[in-house]
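Undergrad: A structural model of the following input is requested.
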Amino acid sequence: MSVAVASASDSPPAPTSRLYLIVLAAIVLGVLVGVFAPATGAALKPLGDGFIKLVKMVIAPVIFLTVATGIAGMGELGAVGRVVGRAFAYFLTLSTLALIVGLVVANVVRPGDGLHIAPASLDAGSIATYTAKAHATTIVGFLTNIIPTTPVSALAEGDILQVLFVAILTGIAIALAGEAAAPLLKVLVAAQAVVFRIVAILMRAAPVGAFGAMAFTVGKFGLGALAHLGLLVASFYGTSLLFVLGGLGLVGALCGFSILRLIAYLKEELLLVLGTSSSEAALPNLMAKLERAGCDPAVVGLVVPTGYSFNLDGTNIYMTLAALFIAQACDVPLTFGQQALLLGVAMLSSKGAAGVTGAGFITLAATLAVVPSVPVAGMALILGVDRFMSECRSLTNFVGNAVATIVVARWEGALDRDLLVRTLSGGGSVRPLVGAGSS
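TA: A predicted model of the protein is given here:
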């Protein structure tokens, strides 16, 4: 087939610098409203929720069209399995490293020491919803849930893994069908262009969504909530920063790019993630920017959606750090063997919960349920500040997936290294960006 496959970056450049400033101003305004008018801030929750729903509305078609057309245009179907295999090898390595980093920091800083909380005094009812969902995070449950009822139901329900599953099958089928499927591929390419125009339109509402979400977070939970568990929150933010600059920074250096320049390149998307506490809000733009920076569209289409479910570095740091915090707060000593068991269970539960909404808190519940020495009810201790930590989880997950995509693209020989360097240095202008719309 000789159909030209469109990509997420085939749209006019957007005024991203202006959007960046507007989103930043919206976040600051949201914090001020939450501090000085908490009731009003809490009432603005629908603004943030509405924007996230708008973005989630297009995530399924973005992933389906990008992956299906990307695989169909790869030519060599063996490359699909190779990309996925390399991606999962990377995910497993970095996820394990993140879990270990959280475990080490928790043992060194010991943020829960001195609280002396009696497990019987904790309100287990406040976390009942999460513990109930934790039962669905087993590996068997995950393998069952990845297969949709019908191909259309995957798109209708918006489950990322199910959409990815259907998209891979569709792309392979189109490639195998050859010229007979050329008309269908043309339709999908045209649909992809339309969907990314929709994304460009929706991004204009980003400041409103960031304002509403931040106003709600501060107004509902209050900055004072941070004081009670400040050491835990500070430890988590510090550990995540260490992992990004140290761990991911080293990976970037080995692959020939600077993690700081990558962060600067993705600053608009990172602000959007910070404001909404949702990395999904920036998924379409992340795919577009990675393509613009020289990553092959097919690799981007395979690695980014998969990474959003399996490469959750921030969530993994949170799991081991929070689990040991609860044990320390409840005066439950853990031997090296028990901590190793905790680490092993966390590795499995974090993969079993892929695609589950609120995965961070839910996978923590699933992990603690298998390690009986640490009371699951202890999760009530961190429920009040979990929202503040979810922002850091999302930011770390987001950066981790950007790095993963570049690394896998480099392994595959599907990375334009010169374009990557020029783009991260601010000089790349070959591939324009989908974003806030054309000026």
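
Undergrad: and the longest helix for this protein?
TA: Using DSSP state H to define each element, the chain has its longest helix at helix 78-109.

Undergrad: Buried by neighbour count: which residues of the helix or strand harbouring Ile263 qualify?
TA: If you go by DSSP states H and E, Ile263 is part of helix 259-265. For helix 259-265, burial by neighbour count (16 or more other C-beta atoms under 10 Å) applies to Ile259, Arg261, Leu262, Ile263, Tyr265. Heads up, the C-betas are built off the backbone N, CA and C, glycines and all.

Undergrad: What of stretch 306-315?
TA: Buried, per 16+ other C-beta under 10 Å, within stretch 306-315: Thr306, Gly307, Tyr308, Ser309, Phe310, Asn311, Leu312, Asp313, Gly314, Thr315.

Undergrad: who are the neighbours in contact with the first one?
TA: Counting by C-beta atoms under 8 Å, 6 or more residues apart in numbering, Thr306 makes contact with Val84, Ala87, Phe88, Phe91, Leu164.

Undergrad: Pull up the gap between it and Val67, please.
TA: Applying C-beta to C-beta, to the nearest Å, the value for Thr306 to Val67 is 10 Å.

Undergrad: same deal with the last one?
TA: Counting by C-beta to C-beta, the gap from Thr315 to Val67 is 23 Å.

Undergrad: number of nearby residues for the residue nearest to Tyr90 when sequence neighbours are not counted?
TA: Distances taken as C-beta to C-beta, 6 or more residues apart in numbering place Ala404 nearest to Tyr90, at 5.5 Å, with adjacent residues excluded. Using other C-beta atoms under 10 Å, Ala404 is surrounded by 24 other residues.

Undergrad: for Cys295, phi and psi?
TA: Main-chain torsions, Cys295, degrees, to the nearest 10: phi -80, psi 140.

Undergrad: any idea how far it is from Glu412?
TA: Per C-beta to C-beta, Cys295 is found 10 Å from Glu412.

Undergrad: now Leu260
TA: According to C-beta to C-beta, Leu260 stands 25 Å off from Glu412.

Undergrad: Quick check: Ala79 vs Ser235, distance?
TA: Distance, Ala79 to Ser235, by C-beta to C-beta: 42 Å.

Undergrad: returning to that earlier point: shared neighbours of Thr306 and Val67, anything?
TA: Shared contacts of Thr306 and Val67, defined by C-beta under 8 Å, 6+ apart, comprise Leu164.

Undergrad: Give me the below-cutoff pLDDT ranges for the stretch 51-200 of the chain.
TA: Applying pLDDT under 70 to the stretch 51-200 of the chain flags residues 74-77, 115, 119-145.

Undergrad: can you do 90?
TA: Filtered on pLDDT under 90, the stretch 51-200 of the chain yields the residue ranges 51-85, 88, 92, 95-96, 106, 109-169, 171-183, 185, 189, 192-200.
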